[in-house]
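In: 3D, please:
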Amino acid sequence: MEIQRENVQDLQEAVLRKNRMKFYMSLRAKILDGVDYLLPPLQHGLAPEEMYLILRPLKVIQYMPKQSVIRYIRAIYLTIYDYHCHDLLDKISQNLPAKIMLHDIVI
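Out: Residues are numbered from 1 along each chain as shown. The predicted structure follows:
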């Protein structure tokens, strides 16, 4: 899942985003630590938005291998956004460690 980062200027929007994060916290979702996920631009001319990439593991795991995370992001880009460019995926994957740790969402 993708979730917007809470650091925005608009106070009302920041509260909404924090409430979304609390909801995902209640589901025991985990943040993929160190993944600088970029939402593909939804309209031509817009910049990609920095987001958190989170998941709700079906079993207890502490990390995911880098290649699994890259496949996960590629599937999101292709299936949900029909985004076939490799620029964002290359940018995200270049600094990923071999193991991506999963952490609780903290507000």
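
In: nearest residue to residue 47 other than its sequence neighbours?
Out: Ranked by Cβ to Cβ, 6 or more residues apart in numbering and with sequence neighbours excluded, the top spatial neighbour of residue 47 is residue 41, at 6.6 Å. Glycine gets a C-beta too; all of them are placed from N, C-alpha and C.

In: look up how far residue 77 lies from that neighbour.
Out: The span separating residue 41 from residue 77 equals 12 Å under the rule Cβ to Cβ, to the nearest Å.

In: who has more neighbours out of those two?
Out: Between residue 41 and residue 77, counting by other Cβ atoms under 10 Å, residue 77 is the more crowded of the two (20 against 14).

In: secondary structure element for the more buried one, which one?
Out: The secondary structure element spanning residue 77 is helix 66-79 (assigned by DSSP states H and E).

In: pLDDT score assigned to residue 107?
Out: At residue 107, the predicted lDDT confidence score is 79.

In: pretty sure it sits against residue 18.
Out: Yes. Look at residue 107 against residue 18 with Cβ atoms under 8 Å: they come within range, at 5.6 Å.

In: so what sits against both of the two?
Out: residue 6 (Cβ atoms under 8 Å, 6 or more residues apart in numbering).

In: quick one: residues contacting the residue nearest to residue 96 when sequence neighbours are not counted.
Out: Beyond its immediate neighbours in the sequence, the residue positioned closest to residue 96 (Cβ to Cβ, 6+ apart) is residue 66, lying 4.9 Å away. With contact set as Cβ under 8 Å, 6+ apart, residue 66 has these partners: 93, 96-100.
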